[in-house]
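**Q** I would like the atomic coordinates for the input below:
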Amino acid sequence: MRIRRFAAPAVALVLLVASLAPLASAPPGEAQGEPRLRLRPPSGAPGDRITARGTNFPSDTAGELVWLPEGAPSSDFATDGDGAVLADFTTDGAGSFRARFAVPDVAAGEYLVDARVGDVTVEAWFSVEATGGALATDPPAPTDSPPTEVPPTDVPPTDAPPTNVPPTETPTSTDIPLPTDTATATDVPPTATSKAEPEGPSVAEAPGAGRVVVAAAERLFAPVADARVTSTRADAPRGLGRVLRVDADPLEESYLRFEVVGLGGAASSASLRLWVTDGTADGPAVGTAGNDWAEASVTWINRPAPTGDPVDDKGALAAGTWVAYDVTPFVKGDGTFTFRLTTTTSNGASFASREDADPAHRPQLVVASAIPNPTATPTRPPAPAAEGDCPTTLQALVDAAAPGATVRVPACVYRETVTVTKSVVLDGGGQA
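**A** A predicted model of the protein is given here:
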């Protein structure tokens, strides 16, 4: 461990030496009032959760843990000259603190971790191992693997069974029951995986001639990267922290990037869901930004430029609750999307990041898409009303129906495009 302090005037140094004279008998490195930093465990593999404890620092002062690549044989971890911020903290009245961080994805070797509080910096060595090292009680830490590299079946939700039914268990008859409701974007979904699985029923032909089931599918996507940036440390990356912060004084913004795949068509709705860790009387708005940024190296200086005006500006947000942002205007289908959280108020807010210790509180993007029916076609009833004289439209019938309802469709020739965001049955009266 090394301690760095700013240079002090010679007179102050003489007084300090005189005040420490009674401690001459203390063991080396244990002098009263000496700041100390301990890392437990002192070694681990990338992704392991580490606890940092500090004592004898300036009291009631904000500080940060910083990862430095000094001493490492090689590293793919991007940092600037000051290192990468792992976590923020505030010391208590006695000058102590406790903070947690995840080991970055770096090569095996020896690294330095700084605890910076005011003008005091204390360093401790940390050994990165090639494998293992995680505590049995620690939750698994997220990785930076893009979603396309992780097969869906390798990462099932931990608190719910997979929604896909194996083909051998699927009924082959047309009597496929429909659920009475479908999860919406405001419901608390299971833990999102990096490659989303469809939610809700599959499209199938229902019993009876002239009856067609149309359904909507929801998919959950986890962010592939997220980060906060702050104007007070404009050149310091903070992408490995467990908090996404948004504030106007000092200026702070947060970014989240998602890769949406497998919709098979246009998106009918999209919702960005965040867990509030620090509430506010005036919540932030959400916009979009460019995708050319990296979680480990993005800073206030090199943050991506905005590409879409902010929408869905929130009011009061309570800590310990979910907030859902309507990002449907930005998500039209498959693609990569970066969302940018900003505010104009000094009453800032904080949200859980993808590094949060509780997987259930990590950010989620919920995307719904209407599924076309490739096999079932409505049967044209005999002697329909003349085209253009229909008493209503299919869109009006679908919009007015409750999820899971059966809608009786008047005989007519309907030529229209229908957007469906819920499960309904269109019943043509059994006409063959």
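
**Q** which residue ranges form the helices in this protein?
**A** 10-19, 394-400 (DSSP state H).

**Q** Lowest average confidence across these, which one?
**A** Looking at these, the lowest mean pLDDT belongs to helix 10-19 (a mean of 38).

**Q** Tell me, how many residues neighbour Asp313?
**A** Counted with other C-beta atoms under 10 Å, residues neighbouring Asp313 total 14. Bear in mind the C-beta positions are built from the backbone N, C-alpha and C, glycine included.

**Q** actually Val276, not the one I typed
**A** Residues lying near Val276 (other C-beta under 10 Å) number 20.

**Q** My understanding was that it contacts Leu317; is that so?
**A** Yes - between Val276 and Leu317 there is a contact under C-beta atoms under 8 Å: 5.0 Å.

**Q** Can you pull the residues that touch both of those two?
**A** Val323, Ala349 (C-beta atoms under 8 Å, 6 or more residues apart in numbering).

**Q** thinking Arg116 is in contact with Gly63, fair?
**A** Yes - when contacts are counted by C-beta under 8 Å, Arg116 is listed as touching Gly63 (5.7 Å).

**Q** Contacts only, for Tyr325.
**A** Neighbouring residues of Tyr325 by C-beta under 8 Å, 6+ apart: Ser271, Leu272, Arg273, Leu274, Val286, Val311, Asp312, Lys314, Phe339.

**Q** Now restrict those to buried residues only.
**A** If you count burial by 16 or more other C-beta atoms under 10 Å, the buried members of those come out as Ser271, Leu272, Arg273, Leu274, Val286, Asp312, Lys314, Phe339.

**Q** From the residues you listed, pick the one nearest Val409.
**A** Here the nearest of the buried ones among the contacts of Tyr325 to Val409, counting by C-beta to C-beta, is Ser271; it sits at 30.3 Å.

**Q** any idea how far Phe258 is from the closest one?
**A** Shown here: Ser271 relative to Phe258, a distance of 12 Å by C-beta to C-beta, to the nearest Å.

**Q** anything in contact with each of these two?
**A** Contact with both Ser271 and Phe258 is made by residues Leu365, according to C-beta under 8 Å, 6+ apart.

**Q** rewinding a little: who's more crowded, Arg116 and Gly63?
**A** A count of neighbours by other C-beta under 10 Å puts Gly63 above the other of Arg116 and Gly63, at 23 against 19.

**Q** From what I see, the more buried one and Leu86 are in contact.
**A** No - Gly63 lies out of contact with Leu86 (C-beta under 8 Å); the separation is 11.5 Å.

**Q** Without its sequence neighbours, what residue ends up closest to Thr393?
**A** Nearest-residue entry for Thr393: Glu416, 6.0 Å, with adjacent residues in sequence omitted and distances by C-beta to C-beta, 6 or more residues apart in numbering.

**Q** For that neighbour, report the pLDDT, please.
**A** Note for Glu416: predicted pLDDT of 81.

**Q** residue contacts, it?
**A** When contacts are counted by C-beta under 8 Å, 6+ apart, Glu416 touches Thr393, Leu394, Gln395.

**Q** Check the nearest residue to Ser43 once chain neighbours are set aside and give its pLDDT.
**A** Spatial nearest neighbour of Ser43, excluding adjacent residues (C-beta to C-beta, 6+ apart): Ser127 at 3.7 Å. Among the per-residue scores, Ser127 holds a pLDDT of 87.

**Q** do the one 3 residues further on as well
**A** Confidence per residue is given as pLDDT, and for Ala130 that number is 72.

**Q** Same question for Arg233.
**A** We have a pLDDT of 85 for Arg233.

**Q** again, but for Val367
**A** At Val367, pLDDT is 92.

**Q** Leaving out chain neighbours, which residue sits closest to it?
**A** Leaving out its chain neighbours, the residue that sits closest to Val367 by C-beta to C-beta, 6+ apart is Ala270, at 4.8 Å.

**Q** Gly33: neighbour count?
**A** Number of residues near Gly33 (other C-beta under 10 Å) recorded here: 10.

**Q** Where does the prediction get shaky in the stretch 301-432 of the chain?
**A** Within the stretch 301-432 of the chain, the stretches with pLDDT under 70 are 370-388, 429-432.

**Q** quick one, strands of it?
**A** In the stretch 301-432 of the chain, the segments counted as strands under DSSP state E, counting those that start in this stretch are 306-311, 322-326, 335-342, 349-352, 364-371, 406-408, 424-427.

**Q** helices or strands next to the fourth one in the packing?
**A** What it means is strand 349-352. strand 243-248, strand 269-278 (3 or more C-beta pairs under 8 Å, 6 or more residues apart in numbering; DSSP states H and E).

**Q** partner strands of the last one, parallel or antiparallel?
**A** Partners of strand 269-278 in the sheet, by DSSP bridges, are strand 322-326 (antiparallel), strand 349-352 (antiparallel), strand 364-371 (antiparallel).

**Q** The first one now?
**A** In the sheet, strand 243-248 lines up against strand 251-260 (antiparallel), strand 349-352 (antiparallel) (DSSP bridges).

**Q** quick check: angle from the first one to strand 335-342?
**A** Comparing the axes of strand 251-260 and strand 335-342 via axes from the mean of the first three to the mean of the last three C-alpha atoms, to 10 degrees yields an angle of 160 degrees.

**Q** average pLDDT for strand 251-260?
**A** Mean per-residue pLDDT for strand 251-260: 95.

**Q** And for stretch 268-288?
**A** pLDDT averaged over stretch 268-288 equals 93, rounded to a whole number.

**Q** Make CSV from the helices and strands packed on strand 349-352 and add distance to Asp105 to it.
**A** Supplementary listing: the helices and strands packed on strand 349-352 in CSV, determined by distance: least, C-beta to C-beta, whole Å:
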stretch, distance to Asp105
strand 243-248, 20
strand 269-278, 24
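
**Q** Of the ones you listed, which is nearest Ile301?
**A** For Ile301, the closest of the helices and strands packed on strand 349-352 is strand 243-248, at 17.2 Å, according to C-beta to C-beta.

**Q** Can you tell me how far Leu291 is from Asp119?
**A** One correction, residue 291 is Asn, not Leu. 39 Å.

**Q** Looking at these two, which is more packed in?
**A** Shown here are Asn291 and Asp119; by other C-beta under 10 Å, Asn291 has more neighbours (16 against 11).

**Q** Quick check, Ala368 in contact with Leu263.
**A** No - counting by C-beta under 8 Å, Ala368 stays clear of Leu263, with 9.1 Å between them.

**Q** Name the residue in these two with the higher neighbour count.
**A** With neighbours defined as other C-beta under 10 Å, Ala368 and Leu263 compare such that Ala368 has more, 26 against 22.
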